[in-house]
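Peer 1: Quick one: sequence plus predicted model below, questions after.
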Protein chains: 2
Amino acid sequence: MKNSLFALNDGSPKYKQIYKQFKSFIEQGNVKADEQLPSVRQLADSLQVSRNTTLMAYDQLVAEGYIRGEGRKGYFVNQLEPHLYQETLTPRNNQRTKREDTETVLIDFRTDTIDQSHFPLKIWRRMANQVLALPESFRYGEPFGEICLREQIAAYLFQSRGVKTNANAIMIGSSTQQMLINLGHILKDNFSSVIVEDPGFDGAREAFQFHHFTLEYLPVSATGADLSHLKQMDSSLTYVTPSHHSPYGVSMSIQQRQTLIHWANKVQGYIIEDDYDSEFRYTQQPFPALASIDSTRVIYLGNFSKSFLPGLRLSYMVLPQPLLNRYKNRFLHFESSTSLFSQLTMAKFMVNGEWNRHIKRMRLVYKRKMEHLVSLLKEQFGQNISIIGEQSGLYVLIKVNLACSEKWLMERAHHYGVKVRPTSIYFIKNHPDRPIIKLGFSGLSFDEIELGVNLLRKAWL
Amino acid sequence: MKNSLFALNDGSPKYKQIYKQFKSFIEQGNVKADEQLPSVRQLADSLQVSRNTTLMAYDQLVAEGYIRGEGRKGYFVNQLEPHLYQETLTPRNNQRTKREDTETVLIDFRTDTIDQSHFPLKIWRRMANQVLALPESFRYGEPFGEICLREQIAAYLFQSRGVKTNANAIMIGSSTQQMLINLGHILKDNFSSVIVEDPGFDGAREAFQFHHFTLEYLPVSATGADLSHLKQMDSSLTYVTPSHHSPYGVSMSIQQRQTLIHWANKVQGYIIEDDYDSEFRYTQQPFPALASIDSTRVIYLGNFSKSFLPGLRLSYMVLPQPLLNRYKNRFLHFESSTSLFSQLTMAKFMVNGEWNRHIKRMRLVYKRKMEHLVSLLKEQFGQNISIIGEQSGLYVLIKVNLACSEKWLMERAHHYGVKVRPTSIYFIKNHPDRPIIKLGFSGLSFDEIELGVNLLRKAWL
């Protein structure tokens, strides 16, 4: 094999290029099984890279089983099963194609991210690093979550959401969906159906359907839920997003909240209150949680995905006493599925007051981004769109008053390098009269927001 | 309120002592609602601590809702609901009592930890810190796990366990139990019972019982599983630990492995192979995984809890094609419950060859600890104990040949400051003739192991 076959020039780390070249040679049979490879030193000299670079490439090939080291004798090619690398190639290639496809997107109004530039990276790293040195970090955690974090969440819920609870009633989990699935295991003993909002969070519906609950639909419009429908419904269980309706963004008034609590008491049922991003309300103070009015009929769900970092996979649930006992009995013998480090670091972050500071800071950052986006949308689109839900959250909805479909809007936007999100997935029967598009702004800069809106105008008008 | 009430002397951080004192004053009504507290400066001066210390104490009290800051006016006590702090007190006090209780333990032969002194803390931190700066770290992850980690695991399984698979067939999860529960959702459509080992891993039984599977028991002794019993069983699904039986530590011979594969093909069933700590085999090379012999009938489970760090909550499952399709359909709409950072950092750790280095290093560390423990046990106990499972894993079993109960052994050990673990929880019908005690050594130093064995001798002989 000639080293001159190599050309290190694709911009990726050199060791990776070397590794890829060798891998492809071996997979294509250009080098045969048991053939000896140039030594680390020879290869480094001939490619004019450091020995460390060639060693890293060889290490990777060894780790993946393509080659083997035989001590001082050097490196040799392993026998490959032809069908094996064919199989491993397929998903990798798919992945690559997918990535290239998304590279044509200039501005992505994604809704699955947070602001990176104001993230307290240094503070979080410092605390994470401290946590990693503690002896308790080298053990398994508590099944229902670390008590230090549960205490902090209890204090936070009391202070910011008016929810009076205690660490003992708080169950830590990884995501809202996981908590809903766990909860479903308990609730399905007594309930066979659940009322969900229409439109509403598709992820919650999936969790209920996973347990084969029958779904009833509570109609919600851009002005709020129509609770008069509750009377005609059979279910005594409901899943709602009172602080920030998903996706319309409306908040339930105190009267609506009381109606809902009254209903739950009357039917002896439960309200599952998903308070997923109540931290970000821009026009006034957040309304108190349903669970602050009457906690005996409310299952409260919260998480750190929107307010802090989705990748931590950190959420929690406050359960009324009878459900709490059943939940604990049911899940007592199961290990926590939530990272111990996420939990311990977040507890430290909260104890030191960083959490409150972060929320305060991010509320301002997101408020400004929201205002920027809304003012640009009004400027560029005027009467052609109606803006929905600009008081809170990390996205805004726009109802497009043009004779076109959601699909057309998305495709045209994509053609102009802008990715936007549909809302049709949230609607069941209660469809809107015009297509509604979801624009997430949390991960975009002011300039990116401006460019995105300008491109959307070109695309749509 | 007089500051002279304070005496900072209990050894815990000063801000914590101040915080605790104020909390207890407020809870006991020694300071009333809306009473003003001394300023941060006054309190610092009178207690001769830094202002930062008093500020931290006040911040904590504010965060927990005990007091409020009113800007320049200072800090004031909040109204407390009497029942609320009673509730929050109970679990905290329980927790405290529990902690104090365990403080009397000198040596804990715990089985839920890993060696901390050889953990690659710096490298892991560096990589974790790098990962936290990537844009993709600020988004939600892939439902079935990050492709970069799945590729690394596929390569590792091929290299170290002989399992030929690809990233696409690997599902990432948080723990073996969570994977078993997810799997149960798929398997219970076709299977209503499962064969488990007796004795065997209680956590797996819990997962099957969660789904109301009927359990059949395959007898296992210190010399291995008795597969002749398979013929009389009704189930066509079995959960086994072939590489390192939990708890006996025996490995299935290649003949036994082939028998098991043959059985699965005959009954058209599945073998769930839990390969939970196969990395640590001291006497010879690990035997190939069942999944390397015939992957069409084997569901392979692995995790990073024993081999790396339990708190990461990182595990994986390799599924045969028909189950893979069903699994993906069933769980497609659910977010991953596994920390994105654990995944991305582990992928980086593996790519850079650190994973292989770590396993190599730890195999030696644990081998030496195991040899040390076993030789001390032999020296101190002679014929009074039989040692089981010293070829592999992070614990050893000792069968105590004395006329005493497991409970007595544990209590006597505890009396001498040593905590040991029972094994009776693993046995269903196939009880041993003498009590068997489990000694984990992974988290103990050589000196601690020696002290522990000496104390056990005093306690038991």
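Peer 2: That came in fine, so what should we check first?
Peer 1: give me the element the residue nearest to A:Val163 when sequence neighbours are not counted is part of.
Peer 2: Sequence neighbours aside, A:Leu157 is the residue nearest to A:Val163 in space, at 4.1 Å (criterion: CB to CB, 6 or more residues apart in numbering or on different chains). For every residue, glycine as well, the C-beta is placed using N, CA and C. Using DSSP states H and E, A:Leu157 sits in helix A:147-161.
Peer 1: chain center to that helix: distance?
Peer 2: 22 Å (CA atoms, centre = their mean, to the nearest Å).
Peer 1: which other helices and strands contact it?
Peer 2: strand A:170-173, helix A:290-293, strand A:298-303, strand A:315-318, helix A:340-351, helix A:354-381, helix B:51-63, helix B:82-102 (3 or more CB pairs under 8 Å, 6 or more residues apart in numbering or on different chains; DSSP states H and E).
Peer 1: Please identify which of these is closest to B:Met362.
Peer 2: helix A:340-351 (19.3 Å; CB to CB).
Peer 1: The closest residue to A:His118 other than its chain neighbours and A:Phe119, how far apart?
Peer 2: Nearest non-adjacent residue to A:His118, counting by CB to CB, 6+ apart: A:Val365, 5.1 Å away. In this structure, A:Val365 and A:Phe119 are 10 Å apart, going by CB to CB, to the nearest Å.
Peer 1: quick one, which of those two is more surrounded?
Peer 2: Between A:Val365 and A:Phe119, counting by other CB atoms under 10 Å in any protein chain shown, A:Phe119 is the more crowded of the two (19 against 15).
Peer 1: My guess is the residue nearest to A:Val163 contacts A:Ala169. True?
Peer 2: No: the criterion here is CB atoms under 8 Å, and A:Leu157 misses it with A:Ala169 at 10.2 Å.
Peer 1: Next, the contact list for the closest residue to A:Met252 other than its chain neighbours, please.
Peer 2: Nearest in space to A:Met252, with sequence neighbours left out and distances taken as CB to CB, 6+ apart, is A:Pro242 at 4.2 Å. Applying CB atoms under 8 Å, 6 or more residues apart in numbering or on different chains to A:Pro242 gives the contacts A:Ser251, A:Met252, A:Gln256, A:Arg257, A:Leu260, A:Glu273, A:Asp275, A:Phe287, A:Ala289, A:Leu290.
Peer 1: Assign a three-state SS to A:Pro242, would you?
Peer 2: coil (DSSP: H, G, I helix; E, B strand; the rest coil).
Peer 1: next one: A:Lys306
Peer 2: Secondary structure of A:Lys306, reduced to three states by three-state DSSP: coil.
Peer 1: go on, A:Tyr239?
Peer 2: strand.
Peer 1: Distance check, the closest residue to it other than its chain neighbours against chain B.
Peer 2: In space, and not counting its chain neighbours, A:Tyr239 is closest to A:Ile272: 4.4 Å by CB to CB, 6+ apart. Applying CB to the nearest CB, to the nearest Å, the value for A:Ile272 to chain B is 17 Å.
Peer 1: Which elements pack onto the helix or strand harbouring A:Ile272?
Peer 2: Per DSSP H and E: A:Ile272 is located in strand A:270-274. If contacts are counted by 3+ CB pairs under 8 Å, 6+ apart, strand A:270-274 sits against helix A:176-187, strand A:237-240, helix A:254-267, helix A:290-293, strand A:298-303.
Peer 1: which phi and psi does the one residue sitting closest to the centre of chain A have?
Peer 2: Of all residues in chain A, the one closest to the mean position by CA atoms, centre = their mean is A:Pro310, 4.5 Å from it. Here is the backbone geometry of A:Pro310 (degrees, to the nearest 10): phi -60, psi -40.
Peer 1: wait, what's in contact with the closest residue to it other than its chain neighbours?
Peer 2: Closest residue to A:Pro310 apart from its sequence neighbours, by CB to CB, 6+ apart: B:Tyr140 at 4.6 Å. Taking CB under 8 Å, 6+ apart, we find B:Tyr140 in contact with A:Asp112, A:Thr113, A:Ser305, A:Pro310, A:Gly311, B:Glu335, B:Ser336, B:Leu340.
Peer 1: Figure out the helix or strand that A:Ile449 lives in.
Peer 2: Using DSSP H and E, A:Ile449 falls in helix A:446-460.
Peer 1: next one: the strand holding A:Ile272 to chain centre, how far?
Peer 2: For strand A:270-274, the distance to the chain centre is 21 Å (CA atoms, centre = their mean).
Peer 1: For that strand, the averaged confidence score.
Peer 2: Averaged over strand A:270-274, pLDDT sits at 98.
Peer 1: Identify the residues contacting that strand?
Peer 2: A:176, A:180, A:183, A:187, A:191, A:194, A:201, A:204, A:236-242, A:246, A:260-261, A:264, A:289-291, A:297-301, A:320, A:323.
Peer 1: What is the nearest of the contacts of A:Pro242 to A:Tyr66?
Peer 2: A:Asp275 (50.4 Å).
Peer 1: Am I right that the closest one is in contact with A:Tyr300?
Peer 2: Yes: assessed by CB under 8 Å, A:Asp275 is found in contact with A:Tyr300 at 6.4 Å.
Peer 1: Find the residues that touch each one of the two.
Peer 2: A:Ala289.
Peer 1: What's the first helix or strand after the helix or strand bottoming out on mean pLDDT in chain A?
Peer 2: Ranking every helix and strand in chain A by mean pLDDT, DSSP states H and E puts helix A:82-102 at the bottom, with a mean of 39. Sequence order places strand A:107-108 as the next helix or strand after helix A:82-102, per DSSP H and E.
Peer 1: Do that following strand and chain B come into contact?
Peer 2: No: using CB under 8 Å from any CB of the partner chain, strand A:107-108 stays clear of chain B, coming no nearer than 10.4 Å.
Peer 1: Partner strands of that strand and their direction?
Peer 2: Strand A:107-108 has the following strand partners under DSSP bridges: strand A:418-419 (parallel).
Peer 1: contacting residues around A:Val453?
Peer 2: Here A:Val453 is in contact with A:Leu373, A:Leu376, A:Leu377, A:Gln380 (criterion: CB under 8 Å, 6+ apart).
Peer 1: do the same with A:Ser295
Peer 2: A:Val163, A:Lys164, A:Thr165, A:Val318, A:Pro320 are the contacts of A:Ser295 under CB under 8 Å, 6+ apart.
Peer 1: For those residues, please prepare CSV with the additional fields pLDDT, neighbour count and secondary structure.
Peer 2: Putting the contacts of A:Ser295 into CSV (pLDDT from 0 to 100; neighbours: other CB atoms under 10 Å in any protein chain shown; DSSP: H, G, I helix; E, B strand; the rest coil) gives the following:
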residue, pLDDT, neighbour count, secondary structure
A:Val163, 94, 26, coil
A:Lys164, 94, 20, coil
A:Thr165, 95, 24, coil
A:Val318, 98, 28, strand
A:Pro320, 97, 18, coil
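Peer 1: Dump stretch A:366-381 to PDB, restricted to CA.
Peer 2: Only the C-alpha atoms of stretch A:366-381 are listed here, as PDB (Å, rounded to 0.1, in the frame of the first residue of the first chain):
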ATOM      1  CA  TYR A 366     -36.200  35.800  25.800                       C
ATOM      2  CA  LYS A 367     -38.500  38.800  26.400                       C
ATOM      3  CA  ARG A 368     -36.300  40.900  24.100                       C
ATOM      4  CA  LYS A 369     -36.000  38.200  21.500                       C
ATOM      5  CA  MET A 370     -39.800  37.700  21.500                       C
ATOM      6  CA  GLU A 371     -40.400  41.500  21.200                       C
ATOM      7  CA  HIS A 372     -37.800  41.700  18.400                       C
ATOM      8  CA  LEU A 373     -39.400  38.800  16.500                       C
ATOM      9  CA  VAL A 374     -43.000  40.100  17.000                       C
ATOM     10  CA  SER A 375     -42.100  43.600  15.900                       C
ATOM     11  CA  LEU A 376     -40.300  42.300  12.800                       C
ATOM     12  CA  LEU A 377     -43.200  40.000  11.900                       C
ATOM     13  CA  LYS A 378     -45.700  42.900  12.200                       C
ATOM     14  CA  GLU A 379     -43.500  45.200  10.100                       C
ATOM     15  CA  GLN A 380     -42.900  42.600   7.400                       C
ATOM     16  CA  PHE A 381     -46.300  40.900   7.200                       C
END
